[in-house]
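Enquirer: my questions are about this predicted structure, shown below with the sequence.
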Amino acid sequence: MRLKNKIIESSVFIMLVTAMVLMASIIHEKEIIFPEIGAIVTGAVLAPRMSWTVDKKRIFISLLVCGILGMAVVRFVPLGIELQMILGYFIALLTVKISKTTFMPMISALVLPILLQTRSVWYLISLIFFTVTILMIRYLLEKYGIKEKNDYLEVSEKTDLRILAFRMILVSVMIILSLRFGLRYAVAPPLLVAFTEFSSAKNKAVESMPVKIILLAGLCAVSGAWIRLIGEKFFGSILEPQIVLTISVIISCLLFLMIVNGFKVFIPPFGAIVLLAYLISNDYEFWYPMHILFGITVYTFAAKIRRYL
């Protein structure tokens, strides 16, 4: 029974990610690719238990609100991209607090459109459509006993100003340095989500397996960006672009599933790392894993150091 459930869960991941990337290619709208769908499927479908203290209604509302806020910052805040991202991250932290959940993917929903300077309404359409799809699938998995029903209790912890200040300082420095020195995806939104989760007082992952976390993130980046790169370089001239893309995405998904099941570690933002590789420009395909490795190394050890402050 467990093998059957695992096959169903893995199939959901592959089909949703492939459908999103292929739809973006067919319509020629990259903004359709919403990387946090990879994170949500990882945390809500692949992981043995729901990765966050949240319910379905709050998942949808928080993602939608943050997506709208992110695009609003791009359109209406007359600042450079660095200050826009810093402001976006701060707003996202406040939104997590207001939501009374631990659902950190909303951070990416807000910061991603700022990093990519997204103005297309396709971003919100994709966010709504695929989020609703995942929540419906999660409901069906619970109904038929494949997943345990998730009970939600409001998170109402008092804000620790030291943690808030630490997060803002570290992320602000990383945003400024990474964008100015060409390491754009060292501040990829999934990494900011991971850092926020790791720096939580209750998160023990960085204490028990920091090296495994870094290796896992790097492998996820490789399984996305380099598979895409290989497909384009070696098969782009002999096969239709959609065929190459479909095969590449499926292989990336299979590799991701092999990696997380092999490591037995389900860190939701790392699912988004794979999907983000299909949204970046061609100029970054080769260097993307190096950006991710640099970023996750800084965030992992910064979160580890925070515990001693």
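Expert: Arrived safely.

Enquirer: secondary structure element for T102?
Expert: T102 is part of no helix or strand when elements are defined by DSSP states H and E.

Enquirer: give me the distance between the closest residue to K56 other than its chain neighbours and P268.
Expert: If the residues on either side of it in the chain are set aside, K56 comes closest to L135, at 4.7 Å by Cβ to Cβ, 6 or more residues apart in numbering. (C-beta placed from N, C-alpha, C; glycine too.) From L135 across to P268, the span is 15 Å (Cβ to Cβ, to the nearest Å).

Enquirer: who has more neighbours, these two?
Expert: Taking neighbours as other Cβ atoms under 10 Å, L135 and P268 compare with P268 leading, 26 against 17.

Enquirer: surely the more buried one and V45 touch.
Expert: No - applying Cβ atoms under 8 Å, one finds P268 not in contact with V45, separated by 10.3 Å.

Enquirer: could you measure from the closest residue to G218 other than its chain neighbours over to A39?
Expert: If the residues on either side of it in the chain are set aside, G218 comes closest to L293, at 4.6 Å by Cβ to Cβ, 6+ apart. To A39, L293 is 19 Å away according to Cβ to Cβ.

Enquirer: do the same with K158
Expert: For K158, the distance to A39 - Cβ to Cβ - is 27 Å.

Enquirer: okay, the two: which has more neighbours?
Expert: A39 (29 against 5).

Enquirer: check the more buried one and give its pLDDT.
Expert: On the pLDDT scale, A39 is placed at 93.

Enquirer: so the residue nearest to Q117 when sequence neighbours are not counted, which state does it fall into?
Expert: With Cβ to Cβ, 6+ apart as the criterion, Q117 has its nearest non-adjacent residue at 5.7 Å, and that residue is V74. Classification of V74 using DSSP: H, G, I helix; E, B strand; the rest coil returns helix.

Enquirer: my guess is V74 meets R119, correct?
Expert: Yes - assessed by Cβ under 8 Å, V74 is found in contact with R119 at 6.2 Å.

Enquirer: tell me which of these two has more neighbours.
Expert: Between V74 and R119, counted using other Cβ under 10 Å, the more crowded position is V74 (17 against 12).

Enquirer: relative to K97, how far out is that one?
Expert: Where K97 is concerned, V74 sits at a distance of 23 Å (Cβ to Cβ).

Enquirer: again, but for L215
Expert: L215 sits 32 Å away from K97, going by Cβ to Cβ.

Enquirer: on that earlier part again, host element of the residue nearest to G218?
Expert: helix 288-306.

Enquirer: F60 - nearest residue in space that isn't next to it in sequence?
Expert: T131 (5.6 Å).

Enquirer: residues touching that neighbour, list them.
Expert: 37, 40, 59-60, 63-64 (Cβ atoms under 8 Å, 6 or more residues apart in numbering).

Enquirer: all the helices of this structure, residue numbers only.
Expert: For the chain, applying DSSP state H gives helices covering 2-27, 36-41, 56-76, 81-99, 105-115, 122-143, 161-180, 189-198, 205-208, 210-235, 241-263, 268-276, 288-306.

Enquirer: and the angle for the fourth one with helix 56-76?
Expert: To tie it back to what came earlier, the one meant is helix 81-99. Using axes from the mean of the first three to the mean of the last three Cα atoms, to 10 degrees, the direction of helix 81-99 lies 150 degrees away from that of helix 56-76.

Enquirer: need the contact list for L254.
Expert: Neighbours of L254 in contact, by Cβ under 8 Å, 6+ apart: I14.

Enquirer: what's the spacing between it and V17?
Expert: To V17, L254 is 11 Å away according to Cβ to Cβ.

Enquirer: in the chain, which segments are predicted with low confidence?
Expert: Within the chain, the segments meeting pLDDT under 70 span 1, 201, 307-309.

Enquirer: list the contacts of the most centrally placed residue in it.
Expert: Most central in the chain under Cα atoms, centre = their mean is A272, positioned 3.3 Å from the mean C-alpha point. Taking Cβ under 8 Å, 6+ apart, we find A272 in contact with 35-39, 105, 108, 189-190, 193.

Enquirer: just put the residues you listed in JSON lines and tack on distance to I238.
Expert: Below are the contacts of A272 laid out as JSON lines (distance: Cβ to Cβ, whole Å):
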{"residue": "P35", "distance to I238": "29"}
{"residue": "E36", "distance to I238": "34"}
{"residue": "I37", "distance to I238": "30"}
{"residue": "G38", "distance to I238": "29"}
{"residue": "A39", "distance to I238": "34"}
{"residue": "P105", "distance to I238": "38"}
{"residue": "S108", "distance to I238": "36"}
{"residue": "P189", "distance to I238": "35"}
{"residue": "P190", "distance to I238": "33"}
{"residue": "V193", "distance to I238": "38"}
